[in-house]
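Participant: prediction below, plus the sequence it came from.
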Amino acid sequence: MTAKKASAIANANIALSKYWGKRDEKLHLPQNSSISMTTEGLFAHTTVCFDAKFTKDSFVLDGKNIAPDTPEFKDYIGNFLTFVKKEYNITEKARIESKNNFPGSAGLASSAAGFAALATAVNSALGLGLDEKGLSILARRGSGSACRSILGGFVEWKKGVKDDGSDSYAVELATADHWKDFRMVFCITSLSEKKIKSRAGMNETVKTSPFYAEWLKTVESDLARIRQGILEKDFTIVGQTAENNALKMHSLMMTTEPSIMYWNSGTLEVIDAVLDIRDKGMGCYFTMDAGPQVKIICLAKDVEKIMKKIEALKSVEKMIVSRPGEGAYITDDHLF
Ligand code: 2P0
């Protein structure tokens, strides 16, 4: 029997209208749809090999072996492999290696990039013949937001209504070339691993935040505005709505019991700078995810000036500029 091996690369993605809360925790079915930009240059590179000679599944992330008996393995790669093996009748064990070219577990969508790359590699290694929709659904089984990183440009994850999740997957709203001068400036205010994983945090929010039902009432109009804004390249509408949507999501996090606070003092320092830049007439907005980093949404022509201003802040350790990027793809460059 020959080994079945493939490698793939997938960019991370940052939501402009956020996903926070599930209607099915096992299948990662969301309470609401979301819209994201696939971020060029922040990617995961993953190799998978299924081979009858392996005696156990193994996973190496950024050079570190993740032991199979840890929650870090079981809740993520373990669950995903169990599903793949059962669904496609696979008896071989898997060896997986993955590396990110950006810090993991710090609110930079590393699990999205990682599972999109893994699903793409698994599809090729096992010859599953999945199309984009099938790949998006497979990636979602690893991590919800990963379903968006299968596609490039601007992407909408349709929440779906079916219990089996067959209508919960991502579709492309516009290609990366549609809005070439759209930018996100990642302002890294801490590289420490976050204390509360998104998965645990969002489940608690659904159960305990008094604002959760109100959030769901406003999401559809945020989505509609951002969708339209992307199609018409209306920067103000997209920026304003994305910023407001992110603040609503963080209000949910903060009003979860016990509270989830992802911000640090640097987060506020960057927000303050963005508001100041905007007051002076330059169009820029911010969004934040499950971590203290702030992503500034702006246009290419303003990047330099914005970076100069942010560079002067004590709390910003690093900045990364990203534009709309491509979806996941297969590579011959194997990690082992
Ligand atoms: C998003 N986040 O829409 C939101 C905003 C974080 C804040 O999707 O449990 O890692 O694996 O489905 O996808 C992070 O959640 O959670 C996320 P699981 P996931 O980007």
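Facilitator: Structure's in. What do you need?
Participant: average pLDDT for the host helix or strand of residue 42?
Facilitator: In the assignment (DSSP states H and E), residue 42 maps to strand 34-51. For strand 34-51, mean pLDDT is 97.
Participant: which elements pack onto it?
Facilitator: Contacts defined by 3 or more C-beta pairs under 8 Å, 6 or more residues apart in numbering; DSSP states H and E place strand 34-51 against strand 4-17, strand 93-100, helix 110-125, helix 146-149, strand 154-158, strand 182-188, helix 212-232, strand 318-322. The C-beta positions use only the backbone N, C-alpha and C, and glycine is treated the same way.
Participant: rebuild these as TSV, extending it with mean pLDDT.
Facilitator: What follows is the helices and strands packed on strand 34-51, written out as TSV (pLDDT from 0 to 100):
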stretch	mean pLDDT
strand 4-17	98
strand 93-100	97
helix 110-125	96
helix 146-149	98
strand 154-158	98
strand 182-188	96
helix 212-232	98
strand 318-322	95
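Participant: let me have those in CSV, extended by distance to the ligand and mean neighbour count.
Facilitator: CSV is the format used below for the helices and strands packed on strand 34-51 (distance: least, C-beta to the nearest ligand atom, whole Å; neighbours: other C-beta atoms under 10 Å):
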stretch, distance to the ligand, mean neighbour count
strand 4-17, 3, 26
strand 93-100, 14, 21
helix 110-125, 5, 28
helix 146-149, 7, 34
strand 154-158, 8, 24
strand 182-188, 13, 23
helix 212-232, 11, 16
strand 318-322, 14, 17
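Participant: of those, which is nearest residue 294?
Facilitator: Minimum separation from residue 294 across the helices and strands packed on strand 34-51 (C-beta to C-beta) falls at strand 182-188, 4.6 Å.
Participant: can you tell me what sits against that closest one?
Facilitator: 14, 37, 39, 42, 103, 106, 108, 233, 235, 266, 270, 293-300, 303, 306-307, 310, 313, 316-324 (C-beta atoms under 8 Å, 6 or more residues apart in numbering).
Participant: report the inter-axis angle for that strand versus strand 4-17.
Facilitator: 100 degrees (axes from the mean of the first three to the mean of the last three C-alpha atoms, to 10 degrees).
Participant: and stretch 77-87, does that touch the ligand?
Facilitator: No. Stretch 77-87 is not in contact with the ligand by C-beta under 6 Å from any ligand atom; minimum separation 10.0 Å.
Participant: ok, residues contacting that stretch?
Facilitator: Contacts for stretch 77-87 (C-beta under 8 Å, 6+ apart): 57, 59, 66, 68, 90-91, 94, 96, 115, 118, 122, 126, 138, 141-142.
Participant: one more time with 7 Å, if that's ok
Facilitator: When contacts are defined by C-beta atoms under 7 Å, 6 or more residues apart in numbering, stretch 77-87 is touched by residues 57, 59, 68, 90, 94, 96, 122, 141-142.
Participant: now that stretch: mean pLDDT?
Facilitator: Stretch 77-87 comes out at a mean pLDDT of 97.
Participant: mind listing what's buried in that stretch?
Facilitator: 77-81, 84-85 (16 or more other C-beta atoms under 10 Å).
Participant: likewise for stretch 187-200?
Facilitator: In terms of neighbour count (16+ other C-beta under 10 Å), stretch 187-200 has its buried residues at 187-191, 194, 196-199.
Participant: cool, and stretch 324-336?
Facilitator: Buried residues in stretch 324-336 (16+ other C-beta under 10 Å): 324-328, 331.
Participant: could you dump that stretch to PDB, C-alpha only?
Facilitator: Output of stretch 324-336 as PDB, limited to C-alpha atoms (Å, rounded to 0.1, in the frame of the first residue of the first chain):
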ATOM      1  CA  PRO A 324      -7.300  40.700  -0.300                       C
ATOM      2  CA  GLY A 325      -5.600  37.300  -1.000                       C
ATOM      3  CA  GLU A 326      -6.200  34.100  -2.900                       C
ATOM      4  CA  GLY A 327      -8.100  31.000  -1.600                       C
ATOM      5  CA  ALA A 328      -6.400  27.800  -0.500                       C
ATOM      6  CA  TYR A 329      -4.300  25.800  -3.000                       C
ATOM      7  CA  ILE A 330      -2.200  22.700  -3.400                       C
ATOM      8  CA  THR A 331       1.600  22.900  -3.400                       C
ATOM      9  CA  ASP A 332       4.400  20.400  -4.200                       C
ATOM     10  CA  ASP A 333       6.400  21.900  -1.300                       C
ATOM     11  CA  HIS A 334       6.100  19.200   1.300                       C
ATOM     12  CA  LEU A 335       7.100  19.800   5.000                       C
ATOM     13  CA  PHE A 336       8.300  16.200   5.400                       C
END
